[in-house]
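J.: Can you look at this prediction? I've put the sequence above it.
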Amino acid sequence: MRYSKWDSKAKNANDGLAPGHRVVTTVISQLGLDKYSVPFNESTNPLFYLRTKNLYLNSVSSTNPAPYNVDHFGAAASPDQGFSIVEGLSVTSTTGPQTRAEWDAFYQNGRITEELPETSIFQKGDALKDIGYWNLMYDQLGSEGFSYSSDGNGYSSNVINWNAAVAFEANNEFTPGNQYSTITTGYSGMFNALFDAVEKLAGEKGVHFKYVPDTRLRSIVKKATLIHYTYATREKPWAKAGASTTNAAWLAMPRYSVELVAQANRFESADGLDVLNDRKVTLYLESTILQPSYKVGMFFDTQWWLSATYPAQLISYVVTDDVILQLKKDGFPDKYLKSLPTIIGTPFTPADALIQAVQNLTLERLSVVQENQLLAAALRYTIGPSVTDTPIRQTVYFGNNAQNQGGDRIYGMLASYDDETFTSFWQELELGPGEQRHIPISEDTQPLQGPRKVPPKMVKMLRKQLAELHYGPNSDYTYVPAPKEAAYMDWSLPPFNAGYHAWAAHYDIADVQQKTRKPSQLIKGADADIFIVGEAYSNDQAWVEGAYCTAESVLNDFFDIEPIIDNTHYPFICRSK
């Protein structure tokens, strides 16, 4: 897991253009976890394996195109070029929305502004929120252009038929070279620290804090002035185990989980206000698309992917404020130091690219000593990823993951990071020949239980596809060593049925965000303090930032809690017209 770090001390930190996940960054800081924050950068020259051809992004050219028959020589460019072409129908680097608030308005009002030929399905003036992104990409790029963008970007979830207006902005975040951070305790370390902080604060304030694990919300309605709910146990998730009341209820859960709660009252008359089964509420709940996800982690004695026929390109060079400080200590000339801020945050690969960029700024050659100082200070290791059209889809590299960094080395790899239709490919390999399924998939709650060991057949299939990626087509699976350990997580299973979510077309997502967080607003004359928060109905789907922002908006707007940050130019959720 990663986040886009926000520089809260920068001069423009609170304006509309400052980048970063502001709430996640603030929570990490306030919990004292900054010391665990490390770069989580993406390679500027990722490895691809597409239609049985191995190639690197920097090698794609008119003489070495990707294996796709894309119109207008599109296979000679990056697969992300397709996203830029489609976005250019309404937005360019100098026109269109630039700030978070401006994008909010675009989601509601954005239209195609380019004149298009009569042969195009969509035309100038068409509202983008009412167009499926897959439909639009196919219309503008053709079959081969769409396939290249779809295969080469690594995320099937990015090119489904979701809300085109939102897709324009969201897909800007998934380009090679983007800079992210993570925490070395694991992303769950933030949630553990947050739980501990809440528990401690409750004790200090004399608040009774009761945590009840292995229990699920079964149904919920409002009667008179109270919220009435029933609950069930993990052992019998559908049977009523008890009932209670509360003044206010927060459903911190995604779409499918909310629908499971609604099901308890769906086919019988509820005694009270049944908010979740109101027709308008159901309509708004369906505004977000479930996106299943599957991940497989593997651990090895060696980083074999660095010495393969097609090694992962994991080294890049990035100038940061810390790099400039180090160079200053090294005695780097002031005239060079003054020029470096203009390329802060820009990743360079290979090393010569950074050296050339600095020399272009100063119009002078660096000495050998200065080159070595610059490269040593700016060196960064990336996660990859490598991208393929085979079912592993993306492979991410994590280096030495041993808890004892001074002991035996254990090199981690996310061998498969895929979503949408590819999840079923791996699900069928969980059981081998001669094995029958004994647990209904509808009752398999692996996301609540944690990773499972990868069975031998799946390990062999993973090795086969990894060999193709790093050694070429038809490579023997034995080219990839057997892992020390391997585990998988299937996020397509209950109670979430998705790893993340996307906005559907034909919805005003600003209105949905405003109303879904307190769904009784959709029912004429009703008022029930039942709230829904999480990334599914947020402005930052697929990110923890979205979950935090929806929760923050409820605290601010319904409980009069002071915002955790200045949100003048950083609206937590879309503002209505």
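T.: Sure thing, it's come through.
J.: Got phi/psi on the closest residue to Ala502 other than its chain neighbours?
T.: Computed as Cβ to Cβ, 6 or more residues apart in numbering, the closest residue to Ala502 that is not its neighbour in sequence is Trp162, at 4.1 Å. C-beta: built from backbone N, CA, C; applies to glycine. The phi/psi pair for Trp162 (degrees, to the nearest 10) reads phi -100, psi -180.
J.: list the contacts for Trp162?
T.: The neighbours of Trp162, taking Cβ atoms under 8 Å, 6 or more residues apart in numbering as the test, are 132-134, 289, 502-505.
J.: one more time with 10 Å
T.: Residues in contact with Trp162 (Cβ atoms under 10 Å, 6 or more residues apart in numbering) are 132-134, 170, 288-289, 291, 501-505, 541.
J.: Mind putting those residues into a markdown table with neighbour count and distance to His72?
T.: Output for those, formatted as a markdown table (neighbours: other Cβ atoms under 10 Å; distance: Cβ to Cβ, whole Å):
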| residue | neighbour count | distance to His72 |
| --- | --- | --- |
| Gly132 | 17 | 23 |
| Tyr133 | 26 | 21 |
| Trp134 | 17 | 20 |
| Ala170 | 21 | 25 |
| Thr288 | 28 | 35 |
| Ile289 | 20 | 31 |
| Gln291 | 25 | 31 |
| His501 | 25 | 34 |
| Ala502 | 22 | 28 |
| Trp503 | 26 | 30 |
| Ala504 | 19 | 31 |
| Ala505 | 24 | 27 |
| Gln541 | 25 | 32 |
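J.: Any chance of those in TSV with pLDDT and distance to Thr423 as columns?
T.: As requested, the contacts of Trp162 are exported to TSV (pLDDT from 0 to 100; distance: Cβ to Cβ, whole Å):
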residue	pLDDT	distance to Thr423
Gly132	98	21
Tyr133	98	20
Trp134	98	18
Ala170	91	20
Thr288	98	18
Ile289	98	14
Gln291	97	10
His501	97	15
Ala502	97	15
Trp503	98	21
Ala504	98	20
Ala505	98	23
Gln541	96	18
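J.: Give me the pLDDT for the spatially closest residue to Ser442 that is not a sequence neighbour.
T.: Nearest residue to Ser442, sequence neighbours excluded (Cβ to Cβ, 6+ apart): Pro494, at 6.4 Å. At Pro494, the predicted lDDT confidence score is 95.
J.: And Ile532, by the same measure?
T.: 98.
J.: Apart from its chain neighbours, what residue comes closest to it?
T.: In this structure, Ile532 finds its nearest non-sequential neighbour in Leu251, 4.9 Å apart by Cβ to Cβ, 6+ apart.
J.: my read: that neighbour touches Ser257, true?
T.: Yes - between Leu251 and Ser257 a contact is recorded at 7.8 Å, counting by Cβ atoms under 10 Å.
J.: of those two, who's got more company?
T.: Between Leu251 and Ser257, Ser257 has the larger neighbour count (other Cβ atoms under 10 Å), namely 21 against 18.
J.: what packs against the helix or strand hosting the more buried one?
T.: Using DSSP states H and E, Ser257 sits in helix 255-266. Applying 3 or more Cβ pairs under 10 Å, 6 or more residues apart in numbering; DSSP states H and E, one finds that helix 255-266 contacts strand 215-223, strand 226-233, strand 249-252, helix 279-285, strand 288-291, strand 530-533.
J.: Where does the prediction get shaky in the chain?
T.: Residue ranges of the chain with pLDDT under 70: 174-177, 577.
J.: longest single helix anywhere in it?
T.: Among all segments of the chain classified by DSSP state H, the helix with the greatest residue count is helix 133-153.
J.: Which SSE is immediately downstream of that helix?
T.: Taking DSSP H and E, what comes next after helix 133-153 is helix 164-170.
J.: in the following helix or strand past that next one, what counts as buried?
T.: Going down the chain from helix 164-170, the next helix or strand is strand 181-183, by DSSP H and E. Across strand 181-183, burial judged by 16 or more other Cβ atoms under 10 Å covers 181-183.
J.: Which other helices and strands does the following helix or strand past strand 181-183 contact?
T.: Helices and strands here follow DSSP H and E; after strand 181-183, the next one along the chain is helix 188-205. Applying 3+ Cβ pairs under 10 Å, 6+ apart, one finds that helix 188-205 makes contact with helix 22-30, strand 181-183, helix 544-559.
J.: what about Pro350, distance to Ser316?
T.: Plainly put, Pro350 is 9 Å away from Ser316 if you go by Cβ to Cβ, to the nearest Å.
J.: At which residues are the strands of the stretch 301-450 of the chain located?
T.: 315-318, 347-348, 379-381, 386-388, 394-400, 411-419 (DSSP state E, counting those that start in this stretch).
J.: my read: Pro347 touches Gln179, true?
T.: Yes - taking contacts as Cβ under 10 Å, Pro347 lies within contact range of Gln179: 7.2 Å.
J.: Comparing the two, which shows the higher neighbour count?
T.: A direct count of neighbours by other Cβ under 10 Å for Pro347 and Gln179 places Pro347 higher, at 23 against 20.
J.: rewinding a little: may I have the helix holding Ser257 as CSV, with CA atoms only?
T.: Provided in CSV are the C-alpha atoms of helix 255-266 (Å, rounded to 0.1, in the frame of the first residue of the first chain):
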residue,chain,number,x,y,z
ARG,A,255,-21.1,-1.2,-1.3
TYR,A,256,-21.4,-5.0,-1.1
SER,A,257,-21.1,-5.0,2.7
VAL,A,258,-23.9,-2.4,3.0
GLU,A,259,-26.0,-4.5,0.6
LEU,A,260,-25.5,-7.5,2.9
VAL,A,261,-26.9,-5.5,5.8
ALA,A,262,-29.9,-4.3,3.7
GLN,A,263,-30.7,-7.9,2.7
ALA,A,264,-31.9,-8.8,6.2
ASN,A,265,-35.0,-6.6,5.8
ARG,A,266,-35.3,-6.6,2.0
